[in-house]
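S.K.: any chance you could fold what I've pasted below:
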Amino acid sequence: MNKLKYTLVEEKELILTKWKESAKDAIPIIIGYLPIGTAYGVIARQAGLSFFESILMSVLVFAGASQFIGVGLLAAGAGFIEVVVTTFFINLRHILMSASLAPYLKKARSSLLPILAFGVTDETYAVSITRFREEKANQWYMLGVNFIAYFSWVGGSLIGALIGAGIPPYLQDSFAFALPALFIGLLILQIEGKLEIAVLIVAAVASSLFYFRVEGVWNVIFATIVGATVGVMLEKWMGE
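M.R.: Okay, the predicted model is just below:
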């Protein structure tokens, strides 16, 4: 009994430690998500969504790029099927991100996996995968990062939805640039050496070439596969 009690105390302390670490590492996400979430809320209201609809999309979808594009499609008069199909293809990259996280979560509780999967975004992935590779993360760390990111996004959306109706339409373009700016910042943080630079160049060139030959966002998926393949080949060659 005492041994079980001691084990539970140890686990509780480990969870708290990992949550503290995740809170510290998630500060850049908070700084990015609050203004970007606000930008989404503003654009959603300007596109004709009600206050409740704007917040509900962030609560249920939690995908910045898809929400921006979804709102744009709704404003342009697109139907339900068009919005769902478009955002589905945009989020296909999450399959690749989840696949790379899976090996680190083999010992995670099965009941937590759906929650962890829901919280995977470009930003939470970038933070979590970095710590997993350094062997400084576990399921509780990732859960902490995901929850902080989630509430930051919803909070930003709430602010944007509140003030969105009062912002002039000509200022909307300045809000739309917030999401690409965050992606660029996260990309720079991932570059550690020549290998990352090489993969970045290959993926950028591949994406540009595919952009003119395939419709939709398939250029992103194909470029990711090409970049990852080249990265693996270069990593093995450099290792040898």
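
S.K.: quick one, helices of this structure?
M.R.: Taking DSSP state H as the test, the helices found in the chain are 2-25, 27-46, 51-60, 64-75, 80-90, 93-101, 113-118, 122-133, 139-163, 172-176, 178-190, 194-211, 218-239.

S.K.: average pLDDT across the second one?
M.R.: So the one you mean is helix 27-46. Mean per-residue pLDDT for helix 27-46: 88.

S.K.: and that helix, what does it pack onto?
M.R.: Other helices and strands packing on helix 27-46, by 3 or more C-beta pairs under 8 Å, 6 or more residues apart in numbering; DSSP states H and E, are helix 51-60, helix 64-75, helix 122-133, helix 139-163, helix 172-176, helix 178-190. (Glycine included, C-beta is placed from N, CA and C.)

S.K.: so where is the protein shaky, pLDDT-wise?
M.R.: For the chain, residues meeting the criterion pLDDT under 70 lie at 1-11, 165, 168-183, 185-187, 189-190, 215-218, 239-240.

S.K.: give me the most central residue, it.
M.R.: For the chain, the residue nearest the mean C-alpha position is T121 (1.9 Å; C-alpha atoms, centre = their mean).

S.K.: that one reaches S58, doesn't it?
M.R.: No - T121 is not in contact with S58 according to C-beta atoms under 8 Å; the separation is 11.9 Å.

S.K.: setting aside sequence neighbours, what's the nearest residue to W140?
M.R.: K18 (4.2 Å; C-beta to C-beta, 6 or more residues apart in numbering).

S.K.: tell me how far stretch 151-162 lies from the chain's centre.
M.R.: 16 Å (C-alpha atoms, centre = their mean, to the nearest Å).

S.K.: in it, what counts as buried?
M.R.: Buried positions in stretch 151-162, judged by neighbour count with 16 or more other C-beta atoms under 10 Å: S152, W153, V154, G155, G156, S157, L158, I159, G160, A161, L162.

S.K.: ok, now which ones touch the fourth one?
M.R.: For G155, the set of contacting residues under the criterion of C-beta atoms under 8 Å, 6 or more residues apart in numbering consists of L34, G37.

S.K.: next: the last one.
M.R.: Applying C-beta under 8 Å, 6+ apart, one finds that L162 lies in contact with G41, F51.

S.K.: same deal with the second one?
M.R.: With contact set as C-beta under 8 Å, 6+ apart, W153 has these partners: Y33, I36, G37, S58, F62, G64.

S.K.: how does it look with 6 Å?
M.R.: W153 makes contacts with Y33, G37, S58, as judged by C-beta atoms under 6 Å, 6 or more residues apart in numbering.

S.K.: columns distance to L73 on top of these, output as CSV?
M.R.: Output for the contacts of W153, formatted as CSV (distance: C-beta to C-beta, whole Å):
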residue, distance to L73
Y33, 22
G37, 19
S58, 17
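
S.K.: and which of those is nearest L143?
M.R.: Distance to L143, by C-beta to C-beta, is smallest for Y33 among the contacts of W153, at 16.8 Å.
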